[in-house]
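Enquirer: the sequence and its predicted three-dimensional model are supplied below.
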Amino acid sequence: MPLIAGSLNFAWEINALLLSRGFYGHVLWTGLDVLIVVHNVRFLEKGKRKKYLLLIVVFILVLYGMFRIPNVDGQRISVFAIDLIMAIEYVLCAKQIAPQGRISVGVLKLLGDLFAWLSNMQSSVFVAVCGLLNSATSKFVLFGYLLRAEFP
């Protein structure tokens with residue numbers, strides 16, 4: 001997973017886990033995100049590992065504040081903003097994703113974004129627009145992989 005997307009995703013799950021007080025779904029997803037972070041750290045140059053872990057800590061603190069803004073659904077808004085950042089990062093890093101995993105990554109990202117958008121699009125204009133952009137970007141990534149298009 002691209003580094004910014006991975007660190008934001010992990011930070012979001014840590015906050016969701018704390019907010020939910022250990023809901024089993026968040027426990028499962030946090031466990032999976034731990035594996036992603038460990039995988040990312042394993043393949044980073046030694047000099048970049050501390051910076052990546054520091055970035056995760058910063059994102060955890062920022063999202064902690066966002067989750068607790070009064071009268072705002074910071075949890076829902078932040079997850080769609082993170083999904084949009086993730087979608088952009090996947091487009092920018094498309095060549096770096098292993099060729100044998102590109103189709104599965106594209107399909108799973110498209111399905112995840114689509115179902116999240118369909119179930120939450122009426123909650124706010126921001127969520128509706130971000131979800132639409134996420135789905136469009138995921139389709140672009142997937143069809144680019146399928147057509148073997150070159151990305152910048």
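Expert: On my side now, so go ahead.

Enquirer: can you give me the mean pLDDT across stretch 47-61?
Expert: Mean per-residue pLDDT for stretch 47-61: 90.

Enquirer: okay, now the unreliable bits of this structure?
Expert: 94-106, 108-109, 138-152 (pLDDT under 70).

Enquirer: can you do 50?
Expert: Applying pLDDT under 50 to the chain flags the ranges 149, 151-152.

Enquirer: can you map out the helices along it?
Expert: For the chain, the helices defined by DSSP state H occupy 3-20, 24-43, 46-67, 74-92, 102-120, 125-146.

Enquirer: what would the ones you listed look like in a markdown table with mean neighbour count?
Expert: Glycine gets a C-beta too; all of them are placed from N, C-alpha and C. Formatted as a markdown table, the helices of the chain follow (neighbours: other C-beta atoms under 10 Å):
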| stretch | mean neighbour count |
| --- | --- |
| helix 3-20 | 21 |
| helix 24-43 | 14 |
| helix 46-67 | 14 |
| helix 74-92 | 20 |
| helix 102-120 | 16 |
| helix 125-146 | 18 |
